[in-house]
Structures are given as structure tokens and as C-alpha cells.
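In: quick check, what structure comes out for this input:
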Amino acid sequence: MKKLILLLFLGTTAFMSCDIDQTQEGELPSVDVDIDAEEGALPAFDVDWADVDVTTRTEMVKVPKVVVVMEEVEVEVPVVDVDMPDAGEKEEMAIAVEAEVRGTMKDLEIEEVYATDNNLYVISTLKDNGTKMGKETARVSDRIVLNAPEDLNVKHYIVGERPEGTFNRQYKYINAKSDLNDRMKNGKMIYKRS
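Out: Prediction:
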């Protein structure tokens, strides 16, 4: 350790004992620049992102499914023969009304049919019969057969509350038959459920 201290002392003394004189001024090099530049551009980068592919595949999932089974049964269907003055040939046509119901079963029946000019007004009723259905959907319907001129306009009105669902928008639902009194004041009743 003593040797190290002695070496440091001698080195420091030798450095301090020298004399340095500046003999010339320093100068930076001179540069003459003639710049002819074009506009610059920011650097561009290629970035590799994740490669995403969207496809489909088939999987088994559970979905609710309601199956409506239609079966043919023999029923009595009213047949109405209509003779209109100055009308052409008659044609047999079925007049049917349908509704899709949920929650509680309902009965749908054609109650009356009126004729005015070229219009037939079919008035039906939709009534709750009290039978609980659960979550199923059922279609209820009624029909009559008419022998009438083929160019008649058939207009359906159902007395009762319209059930939910787009299927039930094909007929006009009314609160009471009396809502139609103005339309039928000149009409003739051609059918009434017995």
C-alpha cells in the first residue's frame, strides 16, 4: 500500500512541475454549404399484425322447438249459397279465419257474414276458453263455404283482443260488433251461426 501512495505522489508532482504554454489559437474548420434539398418524408414501417380469419363451423346446441301437428278431422262446415242481383257466375270458395294463440287456448268462430255491394264482411269472435297451454303456440281457425260471385271483396273483423305475433296482423281486431254499425247499415246478413 505504501508503494501505491508513493507512486501517486510522484506522478502528481511530475505533472505539476511541467509548464504548458499555448503557442497558437484553435479554430474550427470552415464549411461552405450550398444546400439543394427536396421535401422530406417520415419513415414508413411495415408492421406485421396478427392474421385473423373468420370462418364458421357446425356445432350441436339446444334450441326450443315447438311442433304443431295438423291432423284432418271430419267436421260440419256451413255452406252458404249467395244470389246477388246482376252478378255473374257463382263459384264455391272457402272463407277461413285463423289466429295464433299462446298461454291460454282460445276459440275462434265465424259468427256472421254480411253482404253490401261487392263486399263481404266476415265477423268472427276470439274468446278465451280457459285451457292453459304453457309455452306452446297453437293455431285456431274456423271456416264456411260460400257459393257466391267470384269478384267479391272479403273483409275480416275479429271481435276480441289481438294475440301477440306478426301472424295475427292479417285481420282487423275490434272491441265489439257495434264498431261496424256504420259499415253494415245497408248490408244484408247472409249467414249467422246457429
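In: C-alpha only now, for contacts and for neighbours.
Out: OK.
In: ok, Ala176 to Glu161 distance?
Out: Taking CA to CA, to the nearest Å as the measure, Ala176 falls 10 Å from Glu161.
In: whoops, Gly103 was the one
Out: 14 Å.
In: common neighbours of Ala176 and Glu161, please.
Out: Taking CA atoms under 8 Å, 6 or more residues apart in numbering as the contact rule, Ala176 and Glu161 have no neighbour in common.
In: show me what contacts Met133?
Out: Neighbour list for Met133: Arg102, Gly103, Thr104, Met105 [criterion: CA under 8 Å, 6+ apart].
In: next: Glu91.
Out: With contacts defined as CA under 8 Å, 6+ apart, Glu91 is in contact with Leu146, Asn147, Ala148, Pro149, Glu150.
In: could you identify the buried members of those?
Out: Leu146, Asn147, Ala148, Pro149 (16 or more other CA atoms under 10 Å).
In: JSON lines for those, including secondary structure, distance to Thr116 and pLDDT?
Out: Converted to JSON lines, the buried ones among the contacts of Glu91 look like this (DSSP: H, G, I helix; E, B strand; the rest coil; distance: CA to CA, whole Å; pLDDT from 0 to 100):
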{"residue": "Leu146", "secondary structure": "strand", "distance to Thr116": "15", "pLDDT": "81"}
{"residue": "Asn147", "secondary structure": "strand", "distance to Thr116": "16", "pLDDT": "80"}
{"residue": "Ala148", "secondary structure": "strand", "distance to Thr116": "13", "pLDDT": "76"}
{"residue": "Pro149", "secondary structure": "strand", "distance to Thr116": "13", "pLDDT": "72"}
